[in-house]
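Participant: Whatever this is, show me its structure:
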Amino acid sequence: MSMRLMAAEVACGTSVGAASTFENAVYVRLVNSGATARLVTVANAADVTLGTMTLADGEVTFIMKDPTDQIFAAAATVLGTPVKYS
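Facilitator: Predicted structure coming up:
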């Protein structure tokens, strides 16, 4: 399966107020570019936490979410980009 990058990679916000929908993407690629494991949070449009996960240092993962759900992380060393699978 191939993926298409839909925008430039950016640092995740570090609070729900700075969270991003990543251009209303359904799939988001995340990478922890730091040397410390970081908590990643997915919240809905009402800022209610839907789930959390720990991203190890150097780890890459993909999150599937609803378009209006938002992502933030414990540090700006977690970078994200919206992707689309084809």
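
Participant: what about the protein, any weak spots by pLDDT?
Facilitator: Applying pLDDT under 70 to the chain flags no residue at all.

Participant: what are the ranges of the strands in it?
Facilitator: Applying DSSP state E to the chain gives strands spanning 3-5, 10-11, 27-32, 38-43, 49-55, 60-64, 70-73, 78-85.

Participant: Select, out of the ones you listed, the one closest to residue 18.
Facilitator: strand 70-73 (6.2 Å; C-beta to C-beta). Quick note: C-beta positions are derived from backbone N, CA and C, even for glycine.

Participant: Packing partners of the closest one?
Facilitator: strand 27-32, strand 38-43 (3 or more C-beta pairs under 8 Å, 6 or more residues apart in numbering; DSSP states H and E).

Participant: on that earlier part again, compare the strands of the chain and report which one is nearest to residue 20.
Facilitator: For the strands of the chain, the distance to residue 20 is smallest for strand 70-73, at 5.9 Å, taking C-beta to C-beta.

Participant: tell me the contacts of residue 82?
Facilitator: Listed by C-beta atoms under 8 Å, 6 or more residues apart in numbering, the contact set of residue 82 reads 5, 6, 7, 22, 23, 25, 27, 28, 29.
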